[in-house]
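[1] model this:
(chains A and B)
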Amino acid sequence: MPVQAVPHEVTIEINGSRRTVTVEARRLLVHLIREDLGLTGTHVGCDTSQCGACTVEIDGQAVKSCTVLAVMADGASITTIEGVAGGGGGLDRVQAAFQDHHALQCGFCTPGMVMGVRNLLKENANPSEREIRHGLAGNICRCTGYHNIVRAVESLASKEDVA
Amino acid sequence: MTISTGKRHVGQPLRRREDRKLLAGRGRYVDDIKLPGMLHMAILRSPHAHATISSIDLSHAKAAPGVRLVLSGEALVDRIGPIVPNWIIPGSKVPVRPVIATDRVRFVGECVALVVAETLAQAYDAVGLIEVDYEVLPAVTEEAAAVQRGAPQLHENVPGNVTTLYQVKGGDYTKANREADQVISLRVINNRLIPTCMETRAVIAAPEPDGTLTVYIGSQVPHMHRRWIAETVGIPEHQLRVVAPDIGGGFGAKMHLYPEDLLCPYLARELNTPVKWWETRSESHQSTSHGRAHTEDIEVAFTNDGRILGLKVSTLGNVGAYLSNMATGGPTVNTVNFGTGTYKIDNYEAFSRVVVTNTVPVDAYRGYGRPEGAYIAERAIDAVARHLNLDQVDVRRKNLLHSSDFPYRPYGSTGVMYDSGDYQALLDKALEAFDYERRREECERLRGTGIYRGIGVAAYTHMCGMAPSRRLAPGGFNRGGWESARVSIDSSGRATIYSGSMSQGQGHATSLSQIAADVLQIPIDDIEIVQGDTRQVQAGHGTFNSRSMAVGGSSVHVSAHQVIAKAKKIAAGMLEVDEKDVSYSAGAFTVPGTDIAPLTFSKVARMAYVGHKLPDGVAPGLDETVFYDPTGMGAPSGVHLAYVEVDPQTGTVDILDYVAVDDVGTLINPLLAAGQIHGGVVQGIAQALYEEVSYDPENGQLLTGSLLDYAVPRAEHVPNIRSLFQETPSPTNPIGVKGIGESGSIAAPPCMVHAVLDALSPFGIKHLDMPLTPPRIWAAVRNARAGAA
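    Here you go, the predicted model:
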């Protein structure tokens, strides 16, 4: 039988704005972001948490937003691709490196990939190529063969001051 | 407006103009579109590979919350459909494919019923309430099994499960076989793949207030979809608008006509409100076309010094349960026509059978037939080298065509012509970049220490940009080979270009602008590219078969030249000189040898639109449309080399290096070109090492039903790719380009297989079928050791 739709109120801070949304218990965070808040830069590329296209930052940590129920995110602070460059139409350094190295083709995996790379560089400011490739294991890209994505990340690693 | 510096744009690694929005999350894919009053469709799919439908009970679903409509196939009989293929090789038997199954299902995933509801969740809930009784029938999933006597039969009008027979012949293979020193044979399997665009398919159909219908669909071929939807649903084509927004990859899978493409338009008209369907990934694995799925029997006749005298091929192409859009063309024209590859093999005989099975329909996937064809040629020549214990490079060099052979018709073919190339130079360049001699020596040396390294080589050529139109009819290809471009100059001298090509990530907004900027000599930022809207773009065939630059780019080039030709007439009038005396350079019209001041393109454009001073016979406006039909097809080529290390204890393959040298004619944008090679090579490596669709051969269940089971490679599974180019311009089009998109996925599979076989040669292993997974390699080594013991 159909699931009885019990509404729940969820309040999150997303890209700096506080938003309250009423959702069914079964609603995934990615659907709250895309459908309820209209932030369609976060994509759905699979249904088994394999592809990483839905990656967002929750309280500063990269998370596949299809693995989180919307109700679990209540009270969290979330950044999506729309929020990484501060919303002024500019690009942050990861986005800029992707453009400069032709690290995207169709662009569908790109928002999740950018979120994943931000997290990777946060955890390891100066990763080796092997560490970059391993660090991207949660995100599938079908167009680029990853070659130029790795180049983009390397360009950021080499620019980073090693403390 | 600024005046162009006259710098050439073609050949420059310009950064993409489309990136900013995609990077900022402002791309607009079909699933991002939300329309007022939009309903959601969900599909009930067959859980059985082959069954008759005894009864369907829709009543519970109809009563579920939010449900607006529930239908089974019966409701659509004589209303829409059937789905008809678009490439039908003459003599083919075409089974009837209803949009939704009525009395019988033929693959796991076939549409059985649908629900339209107010929310997607409600639609899914209601699908779960539909009750269907099936009588399960025996199923067959493998092509070799399907042609056996006594195999389950899929369609009454397809006896023996073979829809199409196809044959090519040149020279005298029987004689070559007789005269050869030796003949060897091998059976190779070209594993079934799932194209896996990261954006799954999605469709929205929306009735407009004026009675027309708009369909949003991630289509590689928007104008073709308009024609097919119009004809199959029964909508006048001019009242149908197809919009393809940003597309998250296509690779061939988004150029076919699927049931959902027809159901949304039909339902939107019935319900008079927008209807959307979005495909889940697991649904995609059982409803979007698969690729490859061939078995090839190869016989090769050769001399003891490694010269190939003849080749004989028998192909079984598995096309799934029904003939998808181009299904009869893949295992036939696209595969066996190219079976001799880059080699001079005068005696050739190939026979192909197109086979239906209880599986997802198989159709074009990046390379479509050409990877299978190249695999035939390359596996054959590699087997000869290995059999004779000769160097794989030496044997290739002995048989490769020479630059003086072009244009070349392999085995005297009337249908295949390689327009240009220099394969020997490609080989030299690849060997040098790879440092072949040193690595060959390294392989031999390390073998003594228990380290198994191998070098793989593969050469390829193929033809792309199917054309000219008049030559496509005899093969049963029901569309043309032209592409259209309209270059529309506004009254300030800026350009909007309406192109019938359709980017799915290739970067046409950048590359087509580069082509136009060189002709128009205006800044690239003064050019906008419009694609993917049949209301805006006059006509088109879209993007497939690596045709966009060769055919679509050429049409932009020719159209832009026509704009300049007309502008020159207007400029001559304004300058009061003879048109013959006017030159155009750096964005201005000048009269060389005089002191007449240059007249900018923008001033001429303004004159074209105010029309105050136009020469006699020149109409106002500066807006040219071209339907460009090439004289023939360009044949890209390349040589790829891979260096691998295989661990015989675990069966794992470590890719140490990969060098790709490709000749795709004139490079429009080397940065984007290399990106196409990287992506194609990785899809080819994926076929060689990781990916394979598995069906349970007993009951036809799809075992690789999600990305949990289907092994798409991650960044850590693939190497860096060293992409180099050689430019032999194609004489078949005015800009000299050849296709590029499919090159990597054609070259990489044989290259990788050869590298692994080379590494395993100390074990006496002569052949393995893709994918070369650790269990498969491990078992082969174990068996070889057991046999040797």
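[2] Could you pull up the contacting residues of B:Ala117?
    B:Leu39, B:His40, B:Ala42, B:Ala64, B:Gly66, B:Val67, B:Arg68, B:Ala123, B:Asp125, B:Ala126 (CB atoms under 8 Å, 6 or more residues apart in numbering or on different chains). (Each C-beta comes from the backbone N, C-alpha and C, glycine too.)
[3] Break the chain down into its domains, please.
    All of this is about chain A. For chain A, the structural domains run A:7-83, A:93-159, going by automatic domain parsing.
[4] wrong chain, I was asking about chain B
    What automatic domain parsing lists as the domains of chain B is B:19-26+B:482-628, B:37-137+B:199-248+B:253-285, B:294-466+B:632-788.
[5] could you redo the ones you listed as CSV and give each row mean pLDDT?
    Conversion of those to CSV gives the following (pLDDT from 0 to 100):
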stretch, mean pLDDT
domain B:19-26+B:482-628, 97
domain B:37-137+B:199-248+B:253-285, 98
domain B:294-466+B:632-788, 97
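[6] what secondary structure does the residue of the stretch 151-300 of chain B found nearest chain A sit in?
    In the stretch 151-300 of chain B, the residue that lies nearest chain A is B:Gly248 (3.0 Å; CB to the nearest CB). At B:Gly248, secondary structure determined by DSSP: H, G, I helix; E, B strand; the rest coil is coil.
[7] same deal with B:His48?
    Applying three-state DSSP: B:His48 is coil.
[8] since we're on B:Pro734, how many residues are nearby?
    B:Pro734 is flanked by 15 other residues according to other CB atoms under 10 Å in any protein chain shown.
[9] quick one: contacts for it?
    B:Pro734 touches B:Ser554, B:His557, B:Val558, counting by CB under 8 Å, 6+ apart.
[10] hmm, 6 Å instead?
    With contacts defined as CB atoms under 6 Å, 6 or more residues apart in numbering or on different chains, the neighbours of B:Pro734 are B:Ser554, B:His557.
[11] Could you confirm it falls within a helix?
    No. Applying three-state DSSP, one finds B:Pro734 to be coil, outside a helix.
[12] quick one: it from B:Gln148, how far?
    Using CB to CB, to the nearest Å, B:Pro734 is found at 52 Å from B:Gln148.
[13] ditto for B:Leu323
    In terms of CB to CB, B:Leu323 sits 21 Å off from B:Gln148.
[14] Between those two, which has more neighbouring residues?
    B:Leu323 (30 against 11).
[15] Correct me if wrong: that one contacts B:Pro85.
    Yes. Between B:Leu323 and B:Pro85 a contact is recorded at 4.5 Å, counting by CB atoms under 6 Å.
[16] And the domains of chain A: which comes nearest chain B?
    Comparing the domains of chain A by CB to the nearest CB, domain A:7-83 comes nearest, at 2.0 Å.
[17] tell me the mean pLDDT for that closest one?
    Mean per-residue pLDDT for domain A:7-83: 97.
[18] any bit of it sitting next to chain B?
    Yes. Using CB under 6 Å from any CB of the partner chain, domain A:7-83 reaches chain B at A:Thr40, A:Gly41, A:Gly45, A:Cys46, A:Asp47, A:Thr48, A:Gln50, A:Ile81, A:Glu82.
[19] Let's have the residues you listed in CSV, adding secondary structure, neighbour count and distance to B:Cys264.
    Output for the residues of domain A:7-83 next to chain B, formatted as CSV (DSSP: H, G, I helix; E, B strand; the rest coil; neighbours: other CB atoms under 10 Å in any protein chain shown; distance: CB to CB, whole Å):
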residue, secondary structure, neighbour count, distance to B:Cys264
A:Thr40, coil, 22, 19
A:Gly41, coil, 26, 25
A:Gly45, coil, 26, 21
A:Cys46, coil, 24, 22
A:Asp47, coil, 17, 21
A:Thr48, coil, 14, 26
A:Gln50, coil, 20, 27
A:Ile81, helix, 29, 28
A:Glu82, helix, 20, 28
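[20] So which of those residues is the closest to B:Glu442?
    Nearest to B:Glu442 among the residues of domain A:7-83 next to chain B: A:Gln50, at 37.1 Å, using CB to CB.
[21] Go ahead and confirm that closest one touches B:Leu707.
    Yes. Counting by CB under 6 Å, A:Gln50 touches B:Leu707, with 3.9 Å between them.
[22] Spell out which parts of chain B neighbour chain A.
    B:15, B:19, B:22-23, B:25, B:27, B:32, B:64, B:125, B:196, B:198-199, B:248-249, B:280-282, B:504-505, B:671, B:675, B:678-679, B:682, B:706-708, B:712, B:714-716, B:720-721.
[23] Among these, name the buried ones.
    Buried members of the residues of chain B next to chain A, counted by 16 or more other CB atoms under 10 Å in any protein chain shown: B:19, B:22-23, B:25, B:27, B:32, B:64, B:125, B:196, B:198-199, B:248-249, B:280-282, B:504-505, B:671, B:675, B:678-679, B:682, B:706-707, B:712, B:714-715, B:720-721.
[24] check contacts around B:Val646.
    Here B:Val646 is in contact with B:Tyr452, B:Val653, B:Val756, B:Ala759 (criterion: CB under 6 Å, 6+ apart).
[25] Restricted to helices, list those residues.
    B:Val756, B:Ala759 (DSSP state H).
[26] Output the contacts of B:Val646 in TSV, with neighbour count appended to each entry.
    Shown next, in TSV, are the contacts of B:Val646 (neighbours: other CB atoms under 10 Å in any protein chain shown):
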residue	neighbour count
B:Tyr452	21
B:Val653	25
B:Val756	28
B:Ala759	28
